[in-house]
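Undergrad: coords please:
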Amino acid sequence: MYDTAIHLLDTVRWVLGAPEEIRCLARSSCYPDLDDAVMLLRFRSGALVAFSTCGHATWTVPLERIELFGDHTAIVTEGFERLTHTPALGQPAVIHDFSALPVAERLGYAQEDQAFLEALPTTAPIPDVVPEPDGEVAFEWDRGPWCVFSVSVGSDGTLSYAGLYGRRTKAHGTELFVDAVPKAVMDGLARLVALGDGDRRTA
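TA: Residues are numbered from 1 along each chain as shown. The predicted model follows:
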């Protein structure tokens, strides 16, 4: 599946559990792979899910839409831009519109960035903040030529880190951030600090 469709299926499983029956039709429309698909899923609770995905749609928002229906109730999400909740029969819909928020706040980056900074030890050096085109920011510790460590925080809590410790020594990876800064990230930062102002040319 293209783009974020698999993440929406993960959301369905998180809410309803594993499906007991799946029926699917798919075709190749624009790409060699199966880029269009529709599915019907049945769950142990009796819940039914209709799922469709298109791998060649435009970038017009909302890119994703989820509809949940109960006893005369409904919750509809339209990407990160809008949430509509109809609480009961005859009750007005409650609409939350987030489209005017800055991208970093709307996508959750700002909140994750703040949580990451607060989780760093008070003894850690203060990083530079470097904005990135996708709305994320990178926290960067730059201690001179060939000596830098950076961390980007995704809205889902994924930390992407990279370190340069001299001309020949590099490290990079991803870790999940949940409350505490992962050991691999702290080790990378500690390694940078330990280099101090020594000769990094042959590290």
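
Undergrad: OK, contacts around F51?
TA: L8, L9, V12, A37, V38, M39, L40, L41 (C-beta atoms under 8 Å, 6 or more residues apart in numbering). Using the backbone N, CA and C atoms, a C-beta is placed for each residue, glycine as well.

Undergrad: out of the residues you listed, which is nearest to R23?
TA: Taking C-beta to C-beta as the measure, R23 lies nearest L40 of the contacts of F51, at 4.7 Å.

Undergrad: not counting residues beside it along the chain, what's closest to that closest one?
TA: Among residues not flanking L40 along the chain, R23 sits closest, at 4.7 Å (C-beta to C-beta, 6 or more residues apart in numbering).

Undergrad: next, count neighbours for that neighbour.
TA: By other C-beta atoms under 10 Å, 9 other residues sit near R23.

Undergrad: out of the contacts of F51, which is most surrounded?
TA: Most neighbours among the contacts of F51, by other C-beta under 10 Å: L41, with 20 neighbours.

Undergrad: and that residue, that's in a strand?
TA: Yes: counting by DSSP: H, G, I helix; E, B strand; the rest coil, L41 is located in a strand.

Undergrad: if I look at the most centrally placed residue in the chain, how far off is I66?
TA: Nearest to the mean C-alpha position of the chain, by C-alpha atoms, centre = their mean, lies D156 at 3.5 Å. Distance, D156 to I66, by C-beta to C-beta, to the nearest Å: 16 Å.

Undergrad: if we can go back for a sec, what's the helix or strand where the residue nearest to L40 lies in contact with?
TA: Taking DSSP states H and E as the criterion, R23 maps to strand 19-27. Contact with strand 19-27 is made by 12-13, 34-44, 49, as judged by C-beta under 8 Å, 6+ apart.
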